[in-house]
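Q: Just a sequence and a predicted model for now, questions to come.
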Amino acid sequence: MNDNARQSDVILEAQHLRREFGGLVAVADVSVKIRARTLHSIIGPNGAGKTTFFNLLSGTMPPTAGQVFFQGQEITNEPPYRIAHLGIGRSFQITNIFPNLTVLENIRLAAQAMGGDNFKLFRRFDHFDAYQKKAMAVIARVGLQGKSLALARNLAHGEKRKLELGIMLASDPQILLLDEPTAGMSSEQVPELLAIIDRIMESDDKTIVLVEHRMDMVMSISDVITVMHQGAVLAEGTPNEIAGNAEVQKAYLGALYGDLGSKT
Ligand SMILES: Nc1ncnc2c1ncn2[C@@H]1O[C@H](COP(=O)(O)OP(=O)(O)OP(=O)(O)O)[C@@H](O)[C@H]1O
Ligand SMILES: [Mg+2]
């Protein structure tokens, strides 16, 4: 792909993003381009600034400096609900789930919230029907068939992570920011979540930005990997390029995850 094609395909772009907390610089100067319909992973050691970076992209907190562009339009300092409505989905982990509602109700509410109908829920049956259909499709997409009438609080941990994903998908975002979607899952549960993420990418034509500590997962599903270190971008490239990057090995991967270069 030439540079022009690359440029035109950028869906989300951070330019020189910076975020300070008092004297601490969590994100120093991060410029990243996310291309449409790719799975772009952000990796880096604890405290590297990955979650803060997501917070800046999703409008959850304003940057100290720098800009964010979505489909060429500047969205820096837009409120989170506006950014969500534009099509950037962000997982907020368990807090987004209503524990005393069923899986179906949780997902349908998320679909309705984005449909703009939240104050006239059952005004028209065809709306209700459309949301119901949408919710059922999302439930199937995230592998929660058979659980649609279960109360969210009774779900197993891995199922809650799927519900979280479903709540994001219900609003039909173009791009999903996933912050450690496998957190707390056992290794046996990971492949299923990977397959779900893969299907969302391929069948639903989405762009995914993934923060994840499981290196085998990151290496196998990413198109592009950006390595963050101490709030800055240390390297960016394909999984092979990153695994073979001596600087990354030295500063991060080698120390934390063993010699990945030998695995590929
Ligand atoms: N709201 C906040 N107030 C003060 N400091 C913060 C805040 N959020 C993050 N930090 C600090 O900013 C730095 C980056 O944190 P961040 O959570 O972005 O890292 P991370 O890469 O997501 O780490 P992890 O892999 O552990 O999730 C850390 O030093 C953290 O303590
Ligand atoms: Mg984090």
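A: Alright, I've got the coordinates. These figures come from a predicted structure and were not determined experimentally. Residues are numbered from 1 along each chain as shown. Ligands and ions are numbered 1, 2, ... in the order given.
Q: all contacts plus neighbour counts: C-alpha atoms, from now on.
A: OK.
Q: to the chain's geometric centre, what's the distance from the longest helix seen in the chain?
A: Selection of the longest helix in the chain by residue count, based on DSSP state H, yields helix 125-141. Its chain's C-alpha centre and that of helix 125-141 lie 23 Å apart, by Cα atoms, centre = their mean, to the nearest Å.
Q: Which is the succeeding secondary structure element to it?
A: helix 157-170 (DSSP states H and E).
Q: For that next one, which helices and strands make contact with it?
A: strand 88-90, helix 103-115, helix 125-141 (3 or more Cα pairs under 8 Å, 6 or more residues apart in numbering; DSSP states H and E).
Q: ok, 10 Å please
A: Under the contact definition 3 or more Cα pairs under 10 Å, 6 or more residues apart in numbering; DSSP states H and E, helix 157-170 sits against strand 88-90, helix 103-115, helix 125-141, strand 175-179, helix 190-204.
Q: Can you give me the buried ones in the first one?
A: Yep, that's strand 88-90 we're talking about. By 16 or more other Cα atoms under 10 Å, the buried positions in strand 88-90 come out as 88-90.
Q: same thing with the third one?
A: Buried positions in helix 125-141, judged by neighbour count with 16+ other Cα under 10 Å: 127-128, 131-132, 134-136, 138-139, 141.
Q: so it versus helix 157-170, what angle?
A: In this structure, helix 125-141 runs at an angle of 140 degrees to helix 157-170, with axes from the mean of the first three to the mean of the last three Cα atoms, to 10 degrees as the basis.
Q: what does helix 125-141 rub up against?
A: Helix 125-141 is contacted by residues 103-112, 115, 117, 120-122, 143-148, 162-163, 165-172, 196-197, 199-200, 203-204 when judged by Cα atoms under 10 Å, 6 or more residues apart in numbering.
Q: same thing but at 6 Å, please
A: Under the contact criterion Cα atoms under 6 Å, 6 or more residues apart in numbering, helix 125-141 has outside partners 107-108, 166.
Q: Kindly report the same for the shortest one.
A: Applying Cα under 6 Å, 6+ apart, the contact partners of strand 88-90 are 168, 173, 175-177.
Q: If we use 7 Å, what do you get?
A: 58, 168, 173-178 (Cα atoms under 7 Å, 6 or more residues apart in numbering).
Q: Of those, just say which sits nearest to ligand 1.
A: Lowest distance from ligand 1 to the contacts of strand 88-90 (Cα to the nearest ligand atom) belongs to residue 178, with 11.6 Å.
Q: Residue 213 is in contact with the closest one, correct?
A: No: between residue 178 and residue 213 no contact is recorded; they are 11.9 Å apart, counting by Cα atoms under 7 Å.
Q: Between those two, which has more neighbouring residues?
A: Counted by other Cα atoms under 10 Å, residue 178 and residue 213 do not tie: residue 178 has more neighbours, with 23 against 19.
Q: For the more buried one, name its beta-bridge partners.
A: Using DSSP bridges, the beta-bridge partners of residue 178 come out as residue 210.
Q: residues touching it, list them.
A: For residue 178, the contact set (Cα under 7 Å, 6+ apart) comprises 90-91, 209-211.
Q: Pick the one among those closest to residue 40.
A: Set against residue 40, the nearest of those by Cα to Cα is residue 209 (4.8 Å).
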